[in-house]
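Colleague: fold the following and give me the result.
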Amino acid sequence: MPTTPSGAPARRRTLLIVVAVALVLALVIGARLSRSEPRGAPAASTAASFVSATGATRWSTPPPSGLTATPALSGSASPLVPPAAATAAVAAAEKATGARMGLSMAPVGGPATATVPWTAGIMTGGPAWSTIKLPIVLANLHAGTATGTESTVRAAITRSDNQAAETLTRRLGDDAAAARAVDAELARYHDTRTRAATTSDRPDFSVLGQTMWSLPDQTVFMASMACTADAAPLRTLMGQVTSDQSWGLGTLHGSLFKGGWGPGIDGRYLVRQTGVITVGKSQYAVSMEAVASDGSFSAGTAALDRLAASLPGVARKMPAGTCG
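Modeller: Presented below is the predicted three-dimensional model:
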């Protein structure tokens, strides 16, 4: 059948209509997809847990820099209002460094079970990282599976040696048994809210290092542990931390401390410390943490250096703390 003169234009009009409809549908679908994810949201969701690095069971290691994703917050804030000096100190450190930070303090030797210490700053806790090595060592000391002068214990605290910590953990049993032993130590020193991790969704990393430990709960633990005779060997080692790990609280003369650090699944590092500082004749338990704006380990420690410089001034606005 011969083609009519109007056949070709008709086909072109049909083709144009099909193309136009396809473009409209593409625009509608694109608009709906753009509304389904907030502007600026990271490509991958951020987990509420962080992890540490190196070794078959990883606890902590300095990370690469230049990371940009946003970390999730973990832990629970205290219902107590922090003193104005603490709020100002954290705000000043955050402004100067761009880090997100958190701080909790309490006088040692006080009624640790009466109240939960205050917290200042947006950060309220998170994975324990290598700070969990403190109750791991205490559990071994109380079980008689280690002594305070043993090289394995010294390495775990003064150098934060991961293999030493793993050796001490396995002396407590499997993951479940080790968690029970750590829970007993936390409760012994008045932290009855924290529960040691028994499983991890990241099998290459230390299970106990994934324990969620809030800043105020850690401060309760430290304020109590600072004054007991049975923890004296551990406190001695906390005063002998190597110079490369003596940031933050380590910049204050006479401080006792242990640090922990590790990257989240987004690569950003949470850097935290807990310990005891001496101001005049008084002592104060301190727990603090930071996530730097670039997510790097070095910037996180620098932020804690900045905050640590303000802690004596904060302590002078608090009740005195003494053991005895």
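Colleague: which SSE is immediately downstream of the helix or strand of the chain with the lowest mean pLDDT?
Modeller: Among the helices and strands of the chain, helix 7-36 carries the lowest confidence by mean pLDDT, DSSP states H and E, at a mean of 44. Using DSSP states H and E, the helix or strand that follows helix 7-36 in sequence is helix 84-97.
Colleague: now for the next helix or strand after that following helix, which elements pack on it?
Modeller: Sequence order places strand 100-107 as the next helix or strand after helix 84-97, per DSSP H and E. Strand 100-107 makes packing contacts with helix 84-97, strand 119-121, helix 215-225, strand 282-291, helix 297-308, helix 311-315 when contacts are defined by 3 or more Cβ pairs under 8 Å, 6 or more residues apart in numbering; DSSP states H and E. Quick note: C-beta positions are derived from backbone N, CA and C, even for glycine.
Colleague: out of those, nearest to residue 271?
Modeller: Closest to residue 271 of the helices and strands packed on strand 100-107, according to Cβ to Cβ: helix 297-308, at 3.4 Å.
Colleague: what lies in contact with the closest one?
Modeller: By Cβ atoms under 8 Å, 6 or more residues apart in numbering, the residues outside helix 297-308 that reach it are 62-63, 65, 89-90, 92-94, 96-97, 99, 101, 103, 247-249, 251-252, 261, 269-271, 273, 288-293.
Colleague: buried members of the residues you listed into PyMOL, please.
Modeller: A single PyMOL command selects the buried members of the contacts of helix 297-308 (16 or more other Cβ atoms under 10 Å):
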select buried, resi 63+89+90+93+94+97+99+101+103+247+248+249+252+261+269+270+271+273+288+289+290+291+292+293
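Colleague: make a markdown table out of the helices and strands packed on strand 100-107 and add mean pLDDT.
Modeller: Formatted as a markdown table, those follow (pLDDT from 0 to 100):
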| stretch | mean pLDDT |
| --- | --- |
| helix 84-97 | 98 |
| strand 119-121 | 96 |
| helix 215-225 | 97 |
| strand 282-291 | 98 |
| helix 297-308 | 99 |
| helix 311-315 | 98 |
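Colleague: and those as a markdown table, adding distance to residue 201?
Modeller: As requested, the helices and strands packed on strand 100-107 are exported to a markdown table (distance: least, Cβ to Cβ, whole Å):
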| stretch | distance to residue 201 |
| --- | --- |
| helix 84-97 | 30 |
| strand 119-121 | 27 |
| helix 215-225 | 22 |
| strand 282-291 | 20 |
| helix 297-308 | 23 |
| helix 311-315 | 35 |
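Colleague: and the ones you listed: which comes nearest residue 165?
Modeller: Within the helices and strands packed on strand 100-107, the stretch nearest residue 165 is helix 215-225; the backing value is 17.3 Å (Cβ to Cβ).
Colleague: and the next element down the chain from the closest one?
Modeller: Counting by DSSP H and E, what follows helix 215-225 is helix 232-238.
Colleague: how far off centre is the helix or strand following that next one?
Modeller: Using DSSP H and E, the helix or strand that follows helix 232-238 in sequence is strand 256-263. Taking Cα atoms, centre = their mean, to the nearest Å, the mean C-alpha location of strand 256-263 is offset from the chain mean by 8 Å.
Colleague: residue ranges with poor pLDDT in the protein?
Modeller: For the chain, applying pLDDT under 70 flags the ranges 1-79, 110-115.
Colleague: go with 90
Modeller: 1-81, 109-116, 200-205, 264-265, 324 (pLDDT under 90).
Colleague: for residue 186, what are its contacts?
Modeller: Per Cβ under 8 Å, 6+ apart, neighbours of residue 186: 135, 192, 194, 196, 221.
Colleague: in three-state terms, label it for me.
Modeller: Here residue 186 is helix, with the state taken from DSSP: H, G, I helix; E, B strand; the rest coil.
Colleague: and it, how far from residue 153?
Modeller: Applying Cβ to Cβ, to the nearest Å, the value for residue 186 to residue 153 is 18 Å.
Colleague: also residue 166?
Modeller: 13 Å.
Colleague: same check on residue 287?
Modeller: Taking Cβ to Cβ, one finds residue 287 at 22 Å from residue 153.
Colleague: doesn't residue 263 make contact with residue 292?
Modeller: No: Residue 292 is not in contact with residue 263 according to Cβ atoms under 8 Å; the separation is 11.7 Å.
Colleague: still on that earlier bit, so residue 166 and residue 153 - more neighbours on which side?
Modeller: Using other Cβ atoms under 10 Å, the more surrounded residue of residue 166 and residue 153 is residue 153, with 24 against 20.
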